[in-house]
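Student: Quick check, what structure comes out for this input:
(2 chains)
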There are 2 protein chains.
Amino acid sequence: MTPVEVTVALGHRSYPILIGENLLDTAGPIISRLRNRQAIIVTNDVVGPLYQERLTACLRNAGCSVELITLPDGEEHKTLATMSFILDRLMAMHAERKSTLIALGGGVIGDITGFAAAIYQRGMSFIQIPTTLLAQVDSAVGGKTAVNHPLGKNMIGAFYQPQLVLADTSVLTTLPDRELRAGLAEVIKYGLISDPAFFQWLIENMNKLLAREPAALAHAIKVSCENKAGVVAGDEREEGARALLNLGHTFGHAIEAGLGFGTWLHGEAVAAGMMIAARVSRRIELLGDTEVDAIEALLRAAGLPVRGPRLGFDRYFALMSHDKKVDAGQIRFVLLKSIGKAFITKDVPPEALRIVLEGEGVDDC
Amino acid sequence: MTPVEVTVALGHRSYPILIGENLLDTAGPIISRLRNRQAIIVTNDVVGPLYQERLTACLRNAGCSVELITLPDGEEHKTLATMSFILDRLMAMHAERKSTLIALGGGVIGDITGFAAAIYQRGMSFIQIPTTLLAQVDSAVGGKTAVNHPLGKNMIGAFYQPQLVLADTSVLTTLPDRELRAGLAEVIKYGLISDPAFFQWLIENMNKLLAREPAALAHAIKVSCENKAGVVAGDEREEGARALLNLGHTFGHAIEAGLGFGTWLHGEAVAAGMMIAARVSRRIELLGDTEVDAIEALLRAAGLPVRGPRLGFDRYFALMSHDKKVDAGQIRFVLLKSIGKAFITKDVPPEALRIVLEGEGVDDC
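Tutor: As a prediction, this is how the structure comes out:
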């Protein structure tokens, strides 16, 4: 099966996303983008043992020197301290500006590796090989890189585009069920934001996705990447429409931070966050019951949480005011006018938020 | 006296450098570039006490909220740890993307503040108010930001342009002599790279500069900024000609790292580095004795070192191979074809380097 290609159009910084089976064993696309012969793979101690040998062998056979940096697995390691460890390793191995960092792993590996690439010698080459569904449809695409701060998620980072994204659908076969479901939250997000036809397709094909049918997965990844690439090409640095991609994320980040990073998966928090956004949208009479029910049904079908934890309104609010989406002290919310029509607003009645965040949007999970 | 304006032309990211007296008391140019009303001044415990009250008062009178972050003085604090401290403070004070960091200090403050601005929430607003001659003519202009790594100077950083640079010539009156001289090294550098007329002007006006005559200083700063702005506009990310600005810096960084950062001032190391470059250029028969002598005479007139410390050839070489200017294992040197004509080469006979770095280019300083 020939890989499908989606382009992120950013002028001379444009790059392709290749989606297909067994791309890990195909050195060609990677080699063609290296600026020297040094590749440095950053992975973690869970993903590395599964795939690093295949990737390393394929690059070495093509004449590259390959080094490996292995991080401990988990969102709790997405810190400035871990970044500092990567930088120490890069310095020790005399990595150059033209050397290429390859992120082999999920969103945490991609975010932290991209950030290291952005700031090592003020910017080195960088390739994403996302190994989770979530990373393939979201975090590996679009150039947002970051680490967490104890007071807020992704607060330290850079906009820094990779030279290439390889989404190998075969690696999803080893993905734990919980992670597959978490990835589906971001897939569903694209339907909610601007693609009602895709939302409908997801309702009809959720069983195939959960059964990991390759054709269904490849289609979902392709449509998700097309949606994201379109938004990113129009607003790389999130000065406008890109903020729509944060649907569910302001609430979701508060959930992740409130419970401690790593307790809920990012996608799980986003699922609950999207439901909170949908319920708030209903409270201010934008969405009807039918639509809220359809969203809830699809998220439930994907095995995702549809309510946030009961943190209390004040705690939610405090956590959200630490979000990057705050402007002039006001939180910027992404809400829904309909399924397939998200919008950005700072003007949400506190009472609507309170009702949802203390009532229907949360439970004792 | 109306401030002189030099523009760094980078499309929609273009910004002005204003050069003039008592700009610290003129809120107008700053206010016009703030994106919200929150200004956060980053300074150190030496410069802060001299100028922060004037700047703070002028901004508060114009209706801004002003916060202050004070760092310890010195190159040894230009580290990821200090950066982390700034980020903690920004998080604690709920700084937003649209808040503005103002660097009030020399090159260390400017570099670290710019880097913090680049990565806090993936990029916030940023203004440079350089208070040393070196920062006014070099480090505050052009968007290079960084911190040092124990294994190499400026190894961690970003290209990130400020919205405005204010070079207040009045603050140079409190600058220690040694720092003034260190700044003159970078001023002389512009003459050597591409401006023989300016080199001649410097020979004729060095006494006035050392006597801190305002008109002479303003002229030297203006011509230096024009030279630098021209190079940066043509090659922001140092993919080509911008590397010329590193004349003396490959050797200079080795000197700084070899002696321990902070032992020699950056400008002092650059002065010795430029002399090493000149002597190597003579060894390979590009420069004649007359030109090398003229460069040495001007650096001596400015009270700058004209030889590096005796670190040994191997140590120099090891330190230089950690430099960002390394490409495919080869060190990229900036040498001189004449006064006013620098060029980049990877092709320097090791013997010429050895003779200079073990003999005429060094002494037991």
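
Student: and the nearest residue to A:Ala182 once chain neighbours are set aside, what does it touch?
Tutor: Nearest residue to A:Ala182 in three dimensions, chain neighbours excluded: A:Gly267, at 2.8 Å (Cβ to Cβ, 6 or more residues apart in numbering or on different chains). (Glycine included, C-beta is placed from N, CA and C.) Applying Cβ atoms under 8 Å, 6 or more residues apart in numbering or on different chains to A:Gly267 gives the contacts A:134, A:179, A:181-186, A:304.

Student: same check, this time on A:Gly248
Tutor: Contacts of A:Gly248 by Cβ under 8 Å, 6+ apart are A:185, A:189, A:270-277, A:334.

Student: The helix or strand hosting the residue nearest to A:Ala182 - what's its average pLDDT?
Tutor: A:Gly267 is part of helix A:266-283, with elements assigned from DSSP states H and E. Helix A:266-283 carries an average pLDDT of 97.

Student: Need the CA coordinates for that helix. CSV is fine.
Tutor: C-alpha atoms of helix A:266-283 as CSV (Å, rounded to 0.1, in the frame of the first residue of the first chain):
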residue,chain,number,x,y,z
HIS,A,266,-4.6,13.8,27.7
GLY,A,267,-7.2,12.5,25.3
GLU,A,268,-9.4,11.4,28.2
ALA,A,269,-9.2,14.9,29.7
VAL,A,270,-10.0,16.4,26.3
ALA,A,271,-13.0,14.1,25.9
ALA,A,272,-14.4,15.3,29.2
GLY,A,273,-13.4,18.9,28.3
MET,A,274,-15.3,18.7,25.0
MET,A,275,-18.4,17.5,26.9
ILE,A,276,-18.1,20.3,29.3
ALA,A,277,-17.8,22.7,26.4
ALA,A,278,-20.8,21.1,24.8
ARG,A,279,-22.8,21.4,28.0
VAL,A,280,-21.8,25.0,28.5
SER,A,281,-22.8,25.7,24.9
ARG,A,282,-26.2,24.2,25.7
ARG,A,283,-26.5,26.3,28.8
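
Student: how far is that helix from where the chain is centred?
Tutor: 16 Å (Cα atoms, centre = their mean, to the nearest Å).

Student: what does stretch A:321-330 give?
Tutor: Mean C-alpha position of stretch A:321-330 versus that of the full chain (Cα atoms, centre = their mean) differs by 21 Å.

Student: Quick one: mean pLDDT over it.
Tutor: What stretch A:321-330 shows for mean pLDDT is 76.

Student: Which of the residues in that stretch are classified as buried?
Tutor: Applying a neighbour-count criterion of 16 or more other Cβ atoms under 10 Å in any protein chain shown, one finds A:321-326 buried in stretch A:321-330.

Student: ok, now stretch A:6-15?
Tutor: In stretch A:6-15, counting by 16+ other Cβ under 10 Å, buried: A:6, A:8, A:15.

Student: Please enumerate the helices of the stretch 101-250 of chain A.
Tutor: Applying DSSP state H, counting those that start in this stretch to the stretch 101-250 of chain A gives helices spanning A:107-119, A:133-134, A:177-194, A:196-210, A:214-234, A:249-259.

Student: Any chance of JSON lines for the ones you listed, columns mean neighbour count and mean pLDDT?
Tutor: Below are the helices of the stretch 101-250 of chain A laid out as JSON lines (neighbours: other Cβ atoms under 10 Å in any protein chain shown; pLDDT from 0 to 100):
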{"stretch": "helix A:107-119", "mean neighbour count": "27", "mean pLDDT": "97"}
{"stretch": "helix A:133-134", "mean neighbour count": "28", "mean pLDDT": "96"}
{"stretch": "helix A:177-194", "mean neighbour count": "24", "mean pLDDT": "97"}
{"stretch": "helix A:196-210", "mean neighbour count": "16", "mean pLDDT": "98"}
{"stretch": "helix A:214-234", "mean neighbour count": "20", "mean pLDDT": "96"}
{"stretch": "helix A:249-259", "mean neighbour count": "25", "mean pLDDT": "93"}
